[in-house]
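*Asks:* Okay, structure incoming, though there's no sequence with it:
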């Protein structure tokens, strides 16, 4: 599933291609449910033509495409969604469900093999509601080791479950949670409210490091993620935990172990990430 770095990569690429561009038409394919309206009585197919893109933003894993009317297209890629920039005359892309025709001869197309992704037309109130449901961004000054420690004190479940909860930190998913826990030497099944303040310092530092590295490398591609020009992200070679089950730990050589936590495949080092508490750094 695309996480913060992948969605931000998409945003950075589509922004210069979209800003100032006018929508000339909207075409829905076999899955009309991909395009929804959060505004009662407003049909996005009828409303979008004639509007122009005024700004792009991102909140957690959501891409926000603001229009000059004040409305916003909220794009959620979910598991296999792809947002692509293609010439209008180009053939349909695989699993294409939506094409937004622009005034420069190009389309903004949405494809999704699993049909879980959505493009939702929302008012400012709808965007504000989304924002209220999400925690701070990993790089936000509102997120500190102290605030993270205080929030985790109220969570009796496993730390991986807590980090996957978008109301704690927005934008993290399976890949970058595994990576951050590995870098901070925290077992994914540690009870969240047992983490110490120094561990929260290490954890927050690790979260920011793995997100920054992934952004620098335009996201991680394992199966379906592609940027709007159909190119894979380059971050997979920098991963130290995710996808490395059975391979030697890059710190100590112990074979990495895969378990299931919060319904997600989870990879960790049983030596460097002991369940019973922190391990002194080597």
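*Replies:* Thanks, I have the structure now. Just so it is clear, the structure is predicted and the values come from calculations on it, not from any experiment.
*Asks:* hey, let's count contacts and neighbours off CA atoms from now on
*Replies:* Will do.
*Asks:* Off-centre distance for stretch 267-280?
*Replies:* 26 Å (Cα atoms, centre = their mean, to the nearest Å).
*Asks:* tell me which residues in that stretch are buried?
*Replies:* 267-275, 277-278 (16 or more other Cα atoms under 10 Å).
*Asks:* What of stretch 97-117?
*Replies:* Quick answer for stretch 97-117 (16+ other Cα under 10 Å): 97-102, 106-112, 115, 117.
*Asks:* Could you single out the nearest of these to residue 53?
*Replies:* residue 102 (9.9 Å; Cα to Cα).
*Asks:* The closest one reaches residue 25, doesn't it?
*Replies:* Yes: counting by Cα atoms under 8 Å, residue 102 does reach residue 25; the two are 7.4 Å apart.
*Asks:* could you give me the average pLDDT of stretch 263-281?
*Replies:* Stretch 263-281 shows a mean pLDDT of 84.
*Asks:* What lies in contact with that stretch?
*Replies:* For stretch 263-281, contacts defined as Cα atoms under 8 Å, 6 or more residues apart in numbering pick out 174, 178, 182, 185-190, 199, 241-245, 249, 251-252, 254-260.
*Asks:* Low-confidence regions, the stretch 151-282 of the chain specifically.
*Replies:* Where the stretch 151-282 of the chain drops to pLDDT under 70, the residues are 222-224, 277-282.
*Asks:* the strands in it, which residues?
*Replies:* 257-261, 264-268 (DSSP state E, counting those that start in this stretch).
*Asks:* The helix or strand hosting residue 12: how far from the chain's middle?
*Replies:* If you go by DSSP states H and E, residue 12 is part of helix 4-18. The chain centre lies 12 Å from the centre of helix 4-18; the measure is Cα atoms, centre = their mean.
*Asks:* Which helix or strand lies directly C-terminal to it?
*Replies:* strand 23-28.
*Asks:* partners of that next one in the sheet?
*Replies:* Take DSSP bridges as the rule and strand 23-28 pairs in its sheet with strand 96-102 (antiparallel).
*Asks:* Mind listing the residues bridging to the nearest residue to residue 66 once chain neighbours are set aside?
*Replies:* Nearest-residue entry for residue 66: residue 72, 4.3 Å, with adjacent residues in sequence omitted and distances by Cα to Cα, 6 or more residues apart in numbering. In this entry, residue 72 is beta-bridged to residue 66, residue 122, by DSSP bridges.
*Asks:* so how far is residue 59 from residue 72?
*Replies:* Residue 72 sits 13 Å away from residue 59, going by Cα to Cα, to the nearest Å.
*Asks:* So if I had to pick from those two, which one is more boxed in?
*Replies:* residue 72 (25 against 20; other Cα atoms under 10 Å).
*Asks:* Tell me the confidence at that one?
*Replies:* So residue 72 comes in at 98 (pLDDT).
*Asks:* tell me the contacts of it?
*Replies:* Neighbours of residue 72 in contact, by Cα under 8 Å, 6+ apart: 64-66, 121-124, 127.
*Asks:* Which members of the residues you listed are classed as buried?
*Replies:* 64-66, 121-123, 127.
*Asks:* Show me which of those residues is closest to residue 216.
*Replies:* residue 64 (21.0 Å).
*Asks:* what angle do the longest helix along the chain and helix 4-18 make?
*Replies:* Secondary structure assigned by DSSP state H gives helix 197-216 as the longest helix of the chain. Inter-element angle recorded for helix 197-216 and helix 4-18: 40 degrees (by axes from the mean of the first three to the mean of the last three Cα atoms, to 10 degrees).
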